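> Next come a sequence and a model predicted from it.
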Amino acid sequence: MESRSFALGLGGNLGDVRGTMKSCITILSEDQRISGLRISSLYRTPPWGGVQGGEFLNSAVSGMWLGTDIELLHLCQSIEGSFSVPVNKNGAARILDIDVLFLESGISSEELTLPHPGLIQRKFVLVPLCEVWVDAIPGLGETPSDFLKRAQDCSSIIFQGDLYSP
């Protein structure tokens with residue numbers, strides 16, 4: 001099996017989100033199936049789609065994945081679970097939310113839709129993704145920057161610096 005490019009969207013609006021994201025990045029970087037991990041800056045954004053709680057911190061990561069589509073999904077769910085995040089969030093505030101944005105040559109299944117169906121409409125995903133992925137998004141044929149130029153999402157997105165800055 002060959003490594004394939006992937007990207008994840010990270011977010012949260014409950015508790016120590018920055019600390020939780022740092023822990024999430026550590027877990028991802030220590031997984032032997034992941035290489036070349038790139039981490040975007042943090043952005044403060046309003047909740048989307050009726051999610052409860054206050055503003056979110058959002059980020060994106062990209063890299064290479066050596067495994068199946070479902071193994072990547074299960075890794076993300078396992079990391080969320082380690083922070084007591086329920087699989088079905090039902091609009092609740094989130095300690096951590098990890099979305100598989102895309103996986104090169106990924107195949108949609110009952111468990112996972114690739115690329116992520118809301119990816120091209122959400123500034124809170126596209127802005128950080130532009131920092132870690134400049135090529136065409138696998139399965140969509142255009143770059144995150146291309147989609148960002150056309151995004152109708154008018155919500156504010158405020159740069160919060162590097163994940164590891166104070």
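Perfect, I can see it now. Residues are numbered from 1 along each chain as shown.

> Which residue, other than its chain neighbours, is closest to residue 42?
The shortest distance from residue 42 to any non-neighbouring residue, by Cβ to Cβ, 6 or more residues apart in numbering, is to residue 160 (4.0 Å). The way it works is simple: take the backbone N, C-alpha and C, and place the C-beta from them, glycine included.

> Keeping just the C-alphas, turn the host helix or strand of the one you found into PDB.
Following DSSP states H and E, one finds residue 160 within strand 158-161. Below are the C-alpha coordinates for strand 158-161, written out as PDB (Å, rounded to 0.1, in the frame of the first residue of the first chain):
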ATOM      1  CA  ILE A 158     -10.000  35.900  13.100                       C
ATOM      2  CA  PHE A 159      -6.300  34.800  13.000                       C
ATOM      3  CA  GLN A 160      -5.200  33.600  16.400                       C
ATOM      4  CA  GLY A 161      -1.500  32.800  15.600                       C
END
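
> by contact count, what packs against it?
Strand 158-161 is packed against strand 42-45, with contacts defined by 3 or more Cβ pairs under 8 Å, 6 or more residues apart in numbering; DSSP states H and E.

> Which helix or strand lies directly C-terminal to the strand it packs on?
Going down the chain from strand 42-45, the next helix or strand is strand 56-65, by DSSP H and E.

> so how far is that following strand off the chain centroid?
Here strand 56-65 is found 4 Å from its chain centre; the criterion is Cα atoms, centre = their mean, to the nearest Å.

> Just list whatever residues bridge to residue 58.
When bridges are called by DSSP bridges, residue 58 pairs up with residue 11, residue 43.

> For it, which residues are in contact?
Taking Cβ atoms under 8 Å, 6 or more residues apart in numbering, we find residue 58 in contact with 9-11, 42-45, 124-125, 128, 157.

> Where does pLDDT dip in this structure?
For the chain, the stretches with pLDDT under 70 are 85-89, 166.

> Tell me which stretches of it form strands.
For the chain, the strands defined by DSSP state E occupy 4-12, 34-39, 42-45, 56-65, 97-103, 158-161.

> who touches the third one?
Pointing back at strand 42-45 there. When contacts are defined by Cβ under 8 Å, 6+ apart, strand 42-45 is touched by residues 18, 21, 55-59, 123-124, 127-128, 155-163.

> Got a quick ChimeraX command for the buried subset of these?
Buried residues among those (16 or more other Cβ atoms under 10 Å), as a ChimeraX selection:
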select :18,21,56,57,58,59,123,124,127,128,157,160,163
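
> Quick check, residue 97 in contact with residue 80.
Yes: the criterion here is Cβ atoms under 8 Å, and residue 97 meets it with residue 80 at 7.3 Å.

> I appreciate the help and will end here.
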